[in-house]
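Engineer: Kindly return the folded structure for what I paste below:
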Amino acid sequence: PPGGLYHERQRLELCALHALNNVLQRPCFTQEAADEICKRLAPDARLNPHRSLLGTGNYDVNVIMAALQSLELAAIWWDKRRSLERLVLGQILGFILNVPSHVSLGFVALPLRRKHWLAVRQLHGTYYNLDSKLRAPVAIGGEAELRAFLRDFLSQGLCEVFLVVPRAVEEAGAWLSPE
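Structural biologist: Purely as a prediction, here's the structure:
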């Protein structure tokens, strides 16, 4: 990857873990750690609602939020009605996006739409798409290109954007500029 960027590639349905580790730029969370969080979130559930029944991952946003909280970070859901110009990019560590993804088994595309998690992070002034399905990180560009990239994603409808920020930034609301 370009100049020391950390990038995990897709395994099983562990895209939430890859997105977390990619946004943090280090191998912070394992499948075992994520499964522990699932148990903590739903201690009495026989079928845990926060991950797939197959034990292959497919973790939901609650797992991502709890994982980030354990590091004094927060995931803030971006309200699409706001202008992306209001993002205070200097206060934001990175982004985790949730996008519909077509499921394929081998060469057969199934008519199922699963959700896929991916990370976007800045390094030396350039933002990168660190999607674990990519062979390597893809440069997005500077702040204007990042806003265009996010706008493009959000225009696809079923996408969600989460900002990853330090807890102090979340509490102060410093990630959003006034209207």
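Engineer: how about the helices of this structure, start to end?
Structural biologist: For the chain, helices defined by DSSP state H occupy the ranges 15-24, 31-41, 61-69, 143-154, 167-172.
Engineer: ok, the residue nearest the centre of the chain - contacts?
Structural biologist: By Cα atoms, centre = their mean, the chain has its centre lying nearest to residue 96, at 2.4 Å. Under the criterion of Cβ atoms under 8 Å, 6 or more residues apart in numbering, the contact partners of residue 96 comprise 19-20, 23, 64, 75, 117-120, 161-162, 164. Where C-beta positions appear, they are placed from N, C-alpha and C, glycine not excepted.
Engineer: before we move on, the earlier item: and the helices of the chain, which one's lowest on average pLDDT?
Structural biologist: For the helices of the chain, the weakest mean pLDDT is recorded on helix 31-41, namely a mean of 73.
Engineer: Please enumerate the strands of the chain.
Structural biologist: When assigned using DSSP state E, the strands of the chain occupy the ranges 73-77, 94-105, 108-123, 126-129, 138-141, 160-166.
Engineer: how many other residues sit next to residue 36?
Structural biologist: Here the number of neighbours of residue 36 (other Cβ atoms under 10 Å) works out to 15.
Engineer: how about TSV for the strands of the chain, with distance to residue 152 and mean pLDDT added?
Structural biologist: Rendered in TSV, the data for the strands of the chain read as follows (distance: least, Cβ to Cβ, whole Å; pLDDT from 0 to 100):
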stretch	distance to residue 152	mean pLDDT
strand 73-77	19	91
strand 94-105	11	74
strand 108-123	12	73
strand 126-129	11	95
strand 138-141	10	95
strand 160-166	11	92
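Engineer: about what we covered before: any idea what sits nearest the residue nearest to the centre of the chain, other than its immediate chain neighbours?
Structural biologist: Beyond its immediate neighbours in the sequence, the residue positioned closest to residue 96 (Cβ to Cβ, 6 or more residues apart in numbering) is residue 162, lying 4.6 Å away.
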